[in-house]
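Visitor: Have a look; sequence and predicted model below, questions after that.
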Amino acid sequence: MKSMPCSSDIFHSDLDHAFSKIVEYMSETTRQCKKFYETMNLAQPSEREHICCYHSQQMLRTADQKQNVSAPIKRDIGSSESEDFLTDVSPGTYSITAAMQDTKPQSKTVCINVGESMSLAFKL
């Protein structure tokens, strides 16, 4: 006789799938956003703030270099350059998963307390 999965297993599976989709969409959004900002000069202060807040400092340096040269600077896809993601969260326990195309996802679980910051590094 085949046993039915309990409702908490189904809920957990559905929740994992939902978060997986959120990560997938956020990754694509980040990729498109970076692609947009790599092709333009950062004339407005709000554009510089956006990059400082949501993208790596390397991207900001690259954008600054573009203002001084005539040829655009492009980063190779799949380069080993590190990339920073800054996220503000409420206190709690979180599971963070990182992956690149054609690599196995890596996950880390962290517990964040009030006023605490944490750095994680993934070898992808």
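Guide: Received the coordinates, thanks.
Visitor: any chance you could map the strands in this structure?
Guide: The residue ranges that make up the strands of the chain, judged by DSSP state E, are 92-98, 106-112.
Visitor: can I get those in CSV with distance to residue 20 and mean pLDDT?
Guide: To be clear about C-beta, it is placed using only N, CA and C from the backbone, and glycine gets the same treatment. Conversion of those to CSV gives the following (distance: least, CB to CB, whole Å; pLDDT from 0 to 100):
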stretch, distance to residue 20, mean pLDDT
strand 92-98, 8, 83
strand 106-112, 11, 86
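Visitor: closest to residue 122 out of these?
Guide: Closest of those to residue 122 is strand 92-98, at 4.1 Å (criterion: CB to CB).
Visitor: strand partners of that closest one, parallel vs antiparallel please.
Guide: In the sheet containing strand 92-98, the strands it pairs with under DSSP bridges are strand 106-112 (antiparallel).
Visitor: For residue 93, give me its contacts.
Guide: Counting by CB atoms under 8 Å, 6 or more residues apart in numbering, residue 93 makes contact with 109, 110, 111, 112.
Visitor: The last one touches residue 94, doesn't it?
Guide: Yes: taking contacts as CB atoms under 8 Å, residue 112 lies within contact range of residue 94: 6.7 Å.
Visitor: where are the low-confidence patches of the chain?
Guide: In the predicted model, the chain carries pLDDT under 70 at residues 1-12, 37-44, 48, 51-82.
Visitor: Looking at it, which helix is longest?
Guide: With DSSP state H applied, the helix covering the greatest number of residues in the chain is identified as helix 7-38.
Visitor: Quick one: work out the angle between it and strand 92-98.
Guide: Here helix 7-38 runs at an angle of 60 degrees relative to strand 92-98 (axes from the mean of the first three to the mean of the last three CA atoms, to 10 degrees).
Visitor: what helices or strands is helix 7-38 leaning on?
Guide: For helix 7-38, the helices and strands in contact under the criterion 3 or more CB pairs under 8 Å, 6 or more residues apart in numbering; DSSP states H and E are helix 45-54, helix 57-66.
Visitor: Distance check, residue 95 against residue 124.
Guide: Going from residue 95 to residue 124 by CB to CB, to the nearest Å gives 17 Å.
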